[in-house]
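Undergrad: with the input below, show me the fold.
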Amino acid sequence: MNKEELNLELQSIKKAIQDNGLPIPGTIHKLYARCGSKTCPCANDDSKRHGPYYRWHYRMGSRQRTIGIDMENIETVQNAINNREKLEALIEKLLSIGIQYIESELDPSLNMSTTNKSKKT
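TA: Reported below is the predicted structural model:
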């Protein structure tokens, strides 16, 4: 891509990032649980476990969290997770444009991809 095309793509990505909704990390898991009562049918039959219960799992830094989600909030949480995935894809494109732009600015003799480092004289 030439610089004009890179700048157009950059503007497009900036707009997409600005228009992206609130992003959050994590995933949603659905689980069925046993209640612990020995007289409940769930104690002996997996198909009779209670649920489904929905949990949002995420990690920030070294801290891992799990939060229960009500049925009416599942769509909101899933949309925010999808927004994070879109944002990550946009950042990948942005990094690619940055690399292409900087490589086009560098003097070809300094471009490491065209230099054969393993060649011995």
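
Undergrad: now for residue 35: which residues touch it?
TA: Going by Cβ atoms under 8 Å, 6 or more residues apart in numbering, residue 35 touches 42-43, 50. Every residue, glycine included, has its C-beta placed from N, CA and C.

Undergrad: so residue 24 sits right up against residue 77, yeah?
TA: Yes: under the criterion of Cβ atoms under 8 Å, residue 24 makes contact with residue 77 at 7.3 Å.

Undergrad: where in this structure is pLDDT low?
TA: Residue ranges of the chain with pLDDT under 70: 107-121.

Undergrad: what is the neighbour count of residue 56?
TA: Neighbour count of residue 56, defined by other Cβ atoms under 10 Å: 21.

Undergrad: repeat that for residue 13.
TA: If you count neighbours by other Cβ under 10 Å, residue 13 ends up with 18.

Undergrad: same check on the one 4 residues further on?
TA: Each residue near residue 17 was counted by other Cβ under 10 Å, and the total is 15.

Undergrad: how close does residue 55 get to residue 66?
TA: Here residue 55 is placed at a distance of 5 Å from residue 66 (Cβ to Cβ, to the nearest Å).

Undergrad: sorry, back to before: next step: the contacts of residue 35 restricted to helices.
TA: Among the contacts of residue 35, the subset assigned to helices under DSSP state H is empty.

Undergrad: reformat these as TSV; add distance to residue 97 and neighbour count.
TA: Formatted as TSV, the contacts of residue 35 follow (distance: Cβ to Cβ, whole Å; neighbours: other Cβ atoms under 10 Å):
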residue	distance to residue 97	neighbour count
42	54	17
43	58	13
50	50	13
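
Undergrad: now the residue most central in space within the chain: how far from residue 73?
TA: The centroid of the chain falls nearest to residue 85 when counting by Cα atoms, centre = their mean (3.5 Å). Per Cβ to Cβ, residue 85 is found 19 Å from residue 73.
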